[in-house]
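Asker: model the structure of this input:
(chains A and B)
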Amino acid sequence: MLRKEQNDLVTRTGPGTPMGQLFRSYWIPALLAEELPENECPPVRVKLLSERLLAFRDTDGKYGLIDEFCAHRGVSLWFGRNEEHGLRCPYHGWKYDVNGQCIDVPSEAPESGFCQKIKLKSYPLVKRGPVLWTYMGPAEKQPPLPEWEFALVPENQSFMSKRFQEANWLQALEGGIDSSHVSFLHSGDLESDPLFKGAKGNKYNLGDTKPVFEVVESDGGLFIGARRNAEDGKYYWRITPWVMPSFTMVPPRGDHPVHGHFWIPIDDENCWAWSFDYHSTRALTDAERNAMRQGKGIHAATIPGTFIPTANKNNDYLMDRAAQKAGRTYSGVEGIAIQDSSLQESMGPIVDRTKENLVSTDNGIIMARHRLLRAAKALADKGVTPPGVDTAHQHVRSASIVLPPDKPFKDAAKEELTVRPGVSHASV
Amino acid sequence: MLSESARMTTAEEAKFRIDAPNSKPRAIKVIALDKRSEEVVKRLAKASWNKASFFTSLHFESPPQAGSDWSMKAWLNDLAGRTSKLVDEINSADLVVMVASAGTKAEAASVIGEACGLKRVMTTALILDRSSATDEALSETLLHLRPYASMLVVADDDDYIESMLVALRA
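Answerer: Coordinates of the predicted model:
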């Protein structure tokens, strides 16, 4: 459980909040690069950390993320004209560049210098891999660009999707850290999903349905190890890294691409579930890419033209009680992403953690909250840079690996848990 | 028309969640396995808890031997200096938390772990002060704890244990 004031602190990410300040220490995913596919394409409305913004790509290909509303009369610039190096408000023609600087006020004489006095709040927007990243903190503390491996490999080795989730970001993140739910909610997908099936490690999973968990702190966050018995007294480990504030990576299976998530607050009651897949040494196959587009693995099929899942709360997530009864799916909901989102949304927009009863297998969640609260307070009180900002913390991998029984997995698998360019993930 | 799921997941509907206790306090026994951990446990014991009790050391009437009747020989010292049979404490526990410092041998874990195993009581092991121990020393501690812990946490700082106990409603 968390006390109410702790729950409020860790779930609220708007401007001026401690957790909002923490999120504003990082480069976070803002849009898929494909949402702004060409110069002078239509702008896109973006809400992040409870701020209404507008993203656009100008005549020169520069990306901008600016306050959504015109400084003149508060009109949404989404209706604007993206033309000649700026975005022009259709109401009275005020025009802004990618930095939010007003560059034309037609009603005023250019010599008056009036437009130089008008500037909308703006944030940097940078393409790296399949994602446009933004940093919403103070300019003087802007960290180096993110160095997540999936964003640095050649683009034919990486795939990213996002879906709208109607729940606070922490509910979604905690699902990614809670390894013990996999044996229940997602059982059934292991041997049927094209992005999981066929790996040798699946036999360990299916042969030992009661893994033992170990939680170990890392410089950037946590490693959560799930241990199962392997041959000759050894242990089969599935190791999930969490890097603050909201990055997790699922342990790989065989030669399948490895996948993971970011959960980014839209506001306090909604978040983006970002889902990536990549292979560290080879291009994704057409079959893999098609499966991801169709919502297999950790991805979700979405309503065309939106990022709203096809199965969502308005249609009861296409609940199939017959499939539930027959055991084809454990909960009756199909697909890993929607299995998670259906339950996380069912908790309500911000779950009341004063009512929960955690058990010892929830230590990953407990530790993550502990570290988030500690980091938010240290930043607010003393200006301490939080874990995960240092790009070295981002050079992390998940792993599935067989180790001797007496070894600390974090040390025994140190190389395997670190990005090694040109070397595949450690995967069984 | 909204589906039931859509309606029930709104913030407005969430307010109607029944506001009544949904659990009873759990008896959590926290046992320090070495001198360094004793300091942490003694400090924790001064706070107010629902149903947690704290023990600082494990003593044996005689050294435990393989195959011996552990339950008659293992004792815990509580903070008031009273002694009690380990088996009695385990019998009344919902969860046993063993606390060890990285680098210590945590040999008492086997006695406690076996007792918990027989009584079907869940065990969590918490290793503190990881940063001050070598990998080899940590391996030694893990070797003794892993067979007897259904959940194991390696923490960098001492204050995690308090967060964990609060989270578990101890």
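Asker: nearest residue to the middle of chain B?
Answerer: Nearest residue to the geometric centre of chain B (C-alpha atoms, centre = their mean): B:Val97, 0.9 Å.
Asker: adjacent strands (with direction) for the helix or strand encompassing it?
Answerer: If you go by DSSP states H and E, B:Val97 is part of strand B:95-101. Sheet pairing of strand B:95-101 (DSSP bridges) gives strand B:28-32 (parallel), strand B:122-128 (parallel).
Asker: as JSON lines, those strands with mean pLDDT, distance to A:Pro43 and mean neighbour count would be great.
Answerer: From N, CA and C alone the C-beta is placed, and that goes for glycine too. Output for those, formatted as JSON lines (pLDDT from 0 to 100; distance: least, C-beta to C-beta, whole Å; neighbours: other C-beta atoms under 10 Å in any protein chain shown):
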{"stretch": "strand B:28-32", "mean pLDDT": "96", "distance to A:Pro43": "55", "mean neighbour count": "26"}
{"stretch": "strand B:122-128", "mean pLDDT": "95", "distance to A:Pro43": "51", "mean neighbour count": "25"}
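Asker: those strands into JSON lines, with extra columns for distance to B:Leu152?
Answerer: Shown next, in JSON lines, are those (distance: least, C-beta to C-beta, whole Å):
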{"stretch": "strand B:28-32", "distance to B:Leu152": "15"}
{"stretch": "strand B:122-128", "distance to B:Leu152": "5"}
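Asker: sorry, back to before: which residues touch the residue nearest to the centre of chain B?
Answerer: B:Val97 makes contacts with B:28-31, B:123-126, B:161, B:164-165, as judged by C-beta atoms under 8 Å, 6 or more residues apart in numbering or on different chains.
Asker: wait, which of the residues you listed is closest to chain A?
Answerer: Taking C-beta to the nearest C-beta as the measure, chain A lies nearest B:Thr124 of these, at 4.3 Å.
Asker: from B:Phe55, how far off is the closest one?
Answerer: 15 Å (C-beta to C-beta, to the nearest Å).
Asker: so which bits of the stretch 301-428 of chain A are right by chain B?
Answerer: A:313-317, A:342, A:345-350, A:352, A:355, A:357-363, A:366-367, A:369-370, A:405-408, A:410-411 (C-beta under 8 Å from any C-beta of the partner chain).
Asker: residue contacts, the closest residue to chain A within chain B?
Answerer: In chain B, the residue that lies nearest chain A is B:Ala14 (3.3 Å; C-beta to the nearest C-beta). B:Ala14 makes contact with A:348-350, A:352 under the criterion C-beta under 8 Å, 6+ apart.
Asker: tell me which two in these are the farthest apart.
Answerer: Based on C-beta to C-beta, the longest span within the contacts of B:Ala14 runs between A:Pro349 and A:Asp352 and measures 10.7 Å.
Asker: more crowded one of those two?
Answerer: It is A:Pro349, of A:Pro349 and A:Asp352, that has more neighbours when counted by other C-beta atoms under 10 Å in any protein chain shown, with 20 against 16.
Asker: just the buried residues of the residues of the stretch 301-428 of chain A next to chain B.
Answerer: Neighbour counting with 16 or more other C-beta atoms under 10 Å in any protein chain shown marks A:313, A:316-317, A:342, A:345, A:347-350, A:352, A:358-363, A:366-367, A:369-370, A:406-408, A:410 as buried within these.
Asker: which residue packs closest to A:Ser180, ignoring adjacent ones?
Answerer: Residue nearest to A:Ser180 in three dimensions, not counting chain neighbours: A:Thr361, with 4.6 Å by C-beta to C-beta, 6 or more residues apart in numbering or on different chains.
Asker: what's the pLDDT at that neighbour?
Answerer: With respect to pLDDT, A:Thr361 scores 91.
Asker: one more: the one 5 residues further on?
Answerer: In this prediction, A:Ile366 carries a pLDDT score of 97.
Asker: cool, and the one 5 residues further on?
Answerer: Turning to A:Arg371, the model gives it a pLDDT of 97.
Asker: that one contacts A:Met244, doesn't it?
Answerer: Yes: counting by C-beta atoms under 8 Å, A:Met244 is a contact partner of A:Arg371 at 6.7 Å.
Asker: mutual contacts of the two, please.
Answerer: Contact with both A:Arg371 and A:Met244 is made by residues A:221, A:387, according to C-beta under 8 Å, 6+ apart.
Asker: looking at the stretch 301-428 of chain A, which residue is nearest chain B?
Answerer: Using C-beta to the nearest C-beta, the closest approach of the stretch 301-428 of chain A to chain B is made by A:Gly348 at 3.3 Å.
Asker: wasn't that residue part of a strand?
Answerer: No: counting by DSSP: H, G, I helix; E, B strand; the rest coil, A:Gly348 is not part of a strand but coil.
Asker: residues contacting it?
Answerer: By C-beta under 8 Å, 6+ apart, A:Gly348 lies in contact with B:9-11, B:13-14, B:17.
Asker: brilliant, that's me finished.
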